[in-house]
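Colleague: Provided below for reference: sequence and predicted model.
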Amino acid sequence: MFDGLKKLLKKIKDLNVSVDKYKKETENQSLPSVAYVNRAKKLMNKENYADAEKILLQALNINPKDAIIYKYLGICEEKMCNHEKACDYYKQSAKSNPQDKEIWYKLGMNEIILQRFEDAEISFEKADKVTPMNTDINTGWGMSLLKQKKYAKAHEKFSSALKINHYNFSAMLFAAIMEIRLNRYDDAERKLRFLMDANPTEGAAFEYANLYFTKGDLDGAIRYAQKSVELNPNMLPAYLLLGKVYSLKFDYDKSMLFFSTALDRNLISPFLYVEWGNALLNFYRFYEAKEMFEKAPEDAQTQIALCKAQLGEPVEELGNDVYSFEAKGILADDPEKAVEYFKKALQLNPNEIYNYLRLAKCYEKLNKIDMVKDCYDKFLKQNPNYPKAYFDYANFLIEQNDFKDAQRKLRKAEKLSPDDAKILNLLFYVTYTLVKDDVCEYNIKEAISIADRIKQFEYPELKSDLERLLNK
């Protein structure tokens, strides 16, 4: 009897507590769903979004058309990175209350994350009708246009956002990015300079580096890309740009250092492997490049085909991009046809300067002597630190009986690779030939000194001839 009475009293007490709690959580007793929303908001403030969502779903059972409930459900899903469900809830909220000044903006931003850029553009347009002259809405609208590569329209929206709020640094950065795409470099530089003074971020520093790179100033690109990784050591795009720039400066050690650093920091991405492979192509390291590209095969199909062509492996179907044209040139049986392909590759990307070496070989087969020299000179002007180019150039000059110029090229190759037996042997042979034309003690001793440095010496009989001349 007493146990039954205790249970009854407990139920009455729990009921009173629930009623008191309900009265505290909602001022309007005719809207019990508001109490659930307020309880959910308290949990959301503590970042407990999963439990908040459960309470909001209970509220939805009470009032299945409440725009506020759908709105907060969307926020919970967004915070938990469930952007698909967030969009569904935001749409339901907008359907019940299309005049909510936030809901269209939130929907648009989540649609950008889901790469539904055209849908996002529509959402921001509706947001602008509800809340015109809003800097955040114009910024989001510009982002949706940027992703669709509508650069002029995107720039217009970012500029509008800046007119509304001169200190919308995000809009200013995006406007600068658009100006780089639209070749308005001076306007972009003014904005980026202001950002680096007023609000220096890794993003602003990277875009400043990108501006310098676009203008062809590699040292400026290095300076600001390094600033970007100083501000954020996990800024992958900056590491990729540094690796790329140093590959264009033909500094193998520094280029590989920045790619390796990104890998060590676990910044794993297909972009890392593709850019790393592209850099290795600049160093004519096709086997290593192929290994990198094969780690991101969907993003580097034509680069893999180029590597296979260069390495003598079977190549599948090719397209019409720069790497495909290079591969077609390598595979072409007709040197004139190969010349066409390599020229097309250079037109698409003038930085692919190794095509000048390929062109030199083609012109050599076509016996176009001046064109051979022109291609070697163009390559060495941009990459004066590649010893093999001097070596190949010297071999060509020897065939033309131009031993003096061949000796000059080999001297440069020797400085870059002082222990290379092939270079030293050819340098000895050229020097010996010149000594025979102009016999003097100094020239003989110089040729013998070259021979004495070579471990795998190929001309012992010529050295003996020089020693006999010296004794005479």
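Modeller: Thanks, I have it. Just so you know, these numbers come straight off a predicted model, no measurement behind them.
Colleague: Would you mark the buried spots in stretch 125-140?
Modeller: Using 16 or more other C-beta atoms under 10 Å as the burial criterion, the residues of stretch 125-140 that qualify are Lys126, Ala127, Asp128, Val130, Asn134, Thr135, Asp136, Ile137, Asn138, Thr139, Gly140. Where you see a C-beta, it was placed from the backbone N, CA and C, and this is true even at glycine.
Colleague: Distance to Leu43 and secondary structure for the residues you listed - can I get that in CSV?
Modeller: Formatted as CSV, these follow (distance: C-beta to C-beta, whole Å; DSSP: H, G, I helix; E, B strand; the rest coil):
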residue, distance to Leu43, secondary structure
Lys126, 30, helix
Ala127, 27, helix
Asp128, 33, helix
Val130, 28, helix
Asn134, 29, coil
Thr135, 31, helix
Asp136, 26, helix
Ile137, 29, helix
Asn138, 33, helix
Thr139, 30, helix
Gly140, 27, helix
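Colleague: which outside residues touch the strand or helix carrying Tyr341?
Modeller: Using DSSP states H and E, Tyr341 sits in helix 335-348. With contacts defined as C-beta atoms under 8 Å, 6 or more residues apart in numbering, helix 335-348 is touched by 321-323, 325-326, 328-330, 332, 352, 355-356, 358-359, 362-363, 365-366.
Colleague: Check stretch 151-166 too.
Modeller: Under C-beta under 8 Å, 6+ apart, the answer for stretch 151-166 is 133-136, 138-139, 141-143, 145-146, 168, 171-172, 174-175, 178-179, 181-182.
Colleague: Give me the buried entries from those residues.
Modeller: 134-136, 138-139, 141-143, 145-146, 168, 171-172, 174-175, 178-179, 181.
Colleague: What's the separation between Arg265 and Pro200?
Modeller: 21 Å (C-beta to C-beta, to the nearest Å).
Colleague: same question, Ala209
Modeller: In terms of C-beta to C-beta, Ala209 sits 13 Å off from Pro200.
Colleague: anything in contact with each of the two?
Modeller: Contacts common to Ala209 and Pro200, judged by C-beta under 8 Å, 6+ apart, are Lys227.
Colleague: The spatially closest residue to Asn138 that is not a sequence neighbour: neighbour count?
Modeller: Leaving out its chain neighbours, the residue that sits closest to Asn138 by C-beta to C-beta, 6 or more residues apart in numbering is Ala161, at 3.8 Å. By other C-beta atoms under 10 Å, 25 other residues sit near Ala161.
Colleague: Likewise for Tyr90?
Modeller: 29.
Colleague: tell me the contacts of it?
Modeller: Residues in contact with Tyr90 (C-beta under 8 Å, 6+ apart) are Tyr70, Lys71, Gly74, Ile103, Lys106, Leu107, Asn110.
Colleague: ok, of those residues, which one's closest to Cys87?
Modeller: Among those, Asn110 lies closest to Cys87 (C-beta to C-beta), at 5.0 Å.
Colleague: ok, and for the helix or strand harbouring the closest one, which residues are buried?
Modeller: In the assignment (DSSP H and E), Asn110 maps to helix 103-113. Neighbour-count burial for helix 103-113, counted by 16+ other C-beta under 10 Å, picks out Ile103, Trp104, Tyr105, Lys106, Leu107, Gly108, Met109, Asn110, Glu111, Ile112.
Colleague: I'm done for today, thanks for sticking with me.
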